[in-house]
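**Student:** sequence first, predicted model second:
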Amino acid sequence: MHPAFSVIFLTTLIGAGQGLFLALFTSQFYSLANLLHSPQTAELYAPGSLLALLLLGAGLLASFFHLGHPERAWRSATQWRTSWLSREVIVLPAFMSMVMLYGIVHYFGWTQTLFVISDALPVDLSLIIGTLGTLLAFALFICTAMIYASIKFLQEWHTPLTLINYTLFGIASGFMLAAALSAWMNIELVAFFGAWAVIATLLALLTRVISLIRNQRIRHKSSIQTALGIRHNHIKQSTMGFMGGSFNTREFFHGRSDSALKIIKYFFILMVFVVPVALILVSYMIQSPHLPMLAFAIQFLGLIAERYYFFADARHPQNLYYQNIA
Amino acid sequence: MTQLALVIDLNVCVGCHACVTSCKEWNTSGWAGPMVDQHPYDNDPTGTFFNRVQTYEIGTFPNMETVHFPKSCLHCEDPPCVPVCPTGASYKRKDNGVVLVDYDKCIGCKYCSWACPYGMRELDEYQKVMKKCTLCIDRISDESKPESERKPACVLACPTSARLFGDVHDSDSEVSVAIREQGGYQLMPEWGTRPANHYLPRRKTRLQLHKDELERVDNPLREESLPAAEGETLDDIAF
Ligand code: SF4
Ligand code: SF4
């Protein structure tokens, strides 16, 4: 497939936004359970929510560049019964409004306890909104990934690994950003977020490598024989039916050489996994306030390359009809 | 239920592209138009087409043949392109099974083109909406035309009658009989899309002669040569 930067930015930006929100709520939950004892934790929520909102908004904006008729985009919310794309279009703004409410509630300090569950868990407004937001964040991961995983003949994508990877990459980059933010704001949560970011990154490394191996070994169900219905081992295309290319030759081919793709693959493995984990470990040892920011920046750059590779890696069966390119 | 479809005979198609040009001519000026071209007179002419004819070489020299392969939307009975559409612009007509795009609703997100395993949909670069074969819906449903002209433009244009048009759910229709009796098949059956369009394979007419057809069974000597001339025959002396 041809990697479109609008979709690459959409998926990476909202992934980081979702992950950042999850990081914020996790820290609130930990504080609630008295596992975190940092009085400044609360200072993080409002600016953190704003940052998450900005990322989500930027992703939404990027997605409009993908459309031929952005002015009709509202129509895309209508087919939620059948289309994962439509579901994403509904869940994304719903999640964004939860993030906004979460930030507002914390900014104005409307966090008086409303009621207490079984004498142990004091529930306030932010906890309710945060729980709803968490559910929506995961729903959004599912919707985004299912857009790709649900197309069964794009066999590279049609696997639960697509869902797992999208979720883990979002969480990893979000916690990385939370670590960077708390380092910048000088809040003592760098180690907490950093540790979770490293765990998520390593898990993502595992599942992404599995999916890379899976896709390398994939046996495609369609062949030129099934595409034409002609049983012969030697079939060669002599014309594609046009000379100057068509939508079919532009949309479904990445147009890069195999070696270029290989470079992109090793680049993202380095940038998403190796360097950020190393930077977080070093920053933990030397207590550097800047390294977590660098770690996030590098990982995000790597994620863009990862998403590029994700698209380029998928071979659409329609390419069988355009052998002169493939 | 009705399911309109094309049956394309690969044994007959000569790859003349008459269907391609007649399709473009009819549809660019009709309901589905315009089908705009980009730099049509320059180096890399490109544009929107609903129908393409490709050519393949089967086999290796000297045992090879050329197959011309017309390619357009197959109007699948289980079209994977329809449920993925977020706007409802892509739909399958209940009354005749034709898969269409509502150009006023389409947002040009291209998701349906990803979801068609055959690559039969093309985004119109000018109108920024998704386009594909309509089976000339505006023509086949035009009651003001005589029955004989209520057929897709490509079918009427084909000089070799390689394209048949009809209802594949009607067992006695021309298309159903052709599929049944001449080995009609579907493309990429592995995805369960159940294409309505079918293709008829290349068919060879070979004379099958068995040995016992050359040698008479009731010839005890198994000798089939003409009797050798033995001197003068009656023809030589009678005049
Ligand atoms: S051939 Fe492609 S575009 Fe046409 S109905 Fe089937 S899946 Fe849809
Ligand atoms: S490009 Fe148009 S028809 Fe295709 S899925 Fe998007 S909105 Fe639907």
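**Tutor:** On my side now, so go ahead. Ligands and ions are numbered 1, 2, ... in the order given.

**Student:** give me the spatial nearest neighbour of residue A:133, chain neighbours excluded.
**Tutor:** residue A:98 (3.8 Å; C-beta to C-beta, 6 or more residues apart in numbering or on different chains). Bear in mind the C-beta positions are built from the backbone N, C-alpha and C, glycine included.

**Student:** OK, contacts around that neighbour?
**Tutor:** Contacts for residue A:98 (C-beta atoms under 8 Å, 6 or more residues apart in numbering or on different chains) come out as A:129, A:132-133, A:136.

**Student:** poorly predicted segments of chain A, please.
**Tutor:** A:325-326 (pLDDT under 70).

**Student:** now with 80, please.
**Tutor:** A:34, A:36-41, A:119, A:324-326 (pLDDT under 80).

**Student:** quick one, phi/psi of residue B:56?
**Tutor:** Dihedral angles of residue B:56 (phi, psi; degrees, to the nearest 10) stand at phi -130, psi 150.

**Student:** run through the bridge partners of it.
**Tutor:** Beta-bridge partners of residue B:56, counted by DSSP bridges, are residue A:237, residue B:67.

**Student:** counting neighbours, what do you get for it?
**Tutor:** Residue B:56 has 21 neighbours, counted by other C-beta atoms under 10 Å in any protein chain shown.

**Student:** likewise for residue B:108?
**Tutor:** 21.

**Student:** that one against residue A:65, yeah?
**Tutor:** No. The pair residue B:108 / residue A:65 is not scored as a contact, 11.4 Å apart, by C-beta atoms under 8 Å.

**Student:** can you name the next helix or strand after the helix or strand containing residue A:57?
**Tutor:** Per DSSP states H and E, residue A:57 falls inside helix A:41-64. From helix A:41-64 onward toward the C-terminus, using DSSP H and E, the following helix or strand is helix A:84-107.

**Student:** buried sites along that next one?
**Tutor:** Buried positions in helix A:84-107, judged by neighbour count with 16 or more other C-beta atoms under 10 Å in any protein chain shown: A:84-92, A:95-96, A:98-106.

**Student:** the helix or strand following that helix packs against which elements?
**Tutor:** The helix or strand immediately downstream of helix A:84-107 is strand A:115-117, counting by DSSP H and E. Here strand A:115-117 touches strand A:121-123, going by 3 or more C-beta pairs under 8 Å, 6 or more residues apart in numbering or on different chains; DSSP states H and E.

**Student:** now find how far off-centre the strand it packs on is within its chain.
**Tutor:** 31 Å (C-alpha atoms, centre = their mean, to the nearest Å).

**Student:** again with stretch A:204-220
**Tutor:** Counting by C-alpha atoms, centre = their mean, stretch A:204-220 comes out at 18 Å from the chain centroid.

**Student:** contacts for that stretch, please.
**Tutor:** Contacts for stretch A:204-220 (C-beta under 8 Å, 6+ apart): A:155-156, A:159, A:161-162, A:164-165, A:168-169, A:172, A:265, A:269, A:272-273, A:306, A:313, A:315, A:317.

**Student:** using CSV, write down the CA coordinates of it.
**Tutor:** Output of stretch A:204-220 as CSV, limited to C-alpha atoms (Å, rounded to 0.1, in the frame of the first residue of the first chain):
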residue,chain,number,x,y,z
ALA,A,204,5.7,-3.5,21.8
LEU,A,205,9.1,-4.7,20.7
LEU,A,206,8.1,-8.3,21.3
THR,A,207,4.8,-8.1,19.5
ARG,A,208,6.1,-6.0,16.6
VAL,A,209,9.0,-8.4,16.0
ILE,A,210,6.5,-11.3,16.0
SER,A,211,4.3,-9.5,13.4
LEU,A,212,7.4,-8.7,11.3
ILE,A,213,8.3,-12.4,11.3
ARG,A,214,4.7,-13.3,10.6
ASN,A,215,4.5,-11.0,7.7
GLN,A,216,7.8,-12.1,6.2
ARG,A,217,6.6,-15.7,6.2
ILE,A,218,3.1,-14.9,5.0
ARG,A,219,1.6,-17.0,2.2
HIS,A,220,-0.8,-15.0,0.2
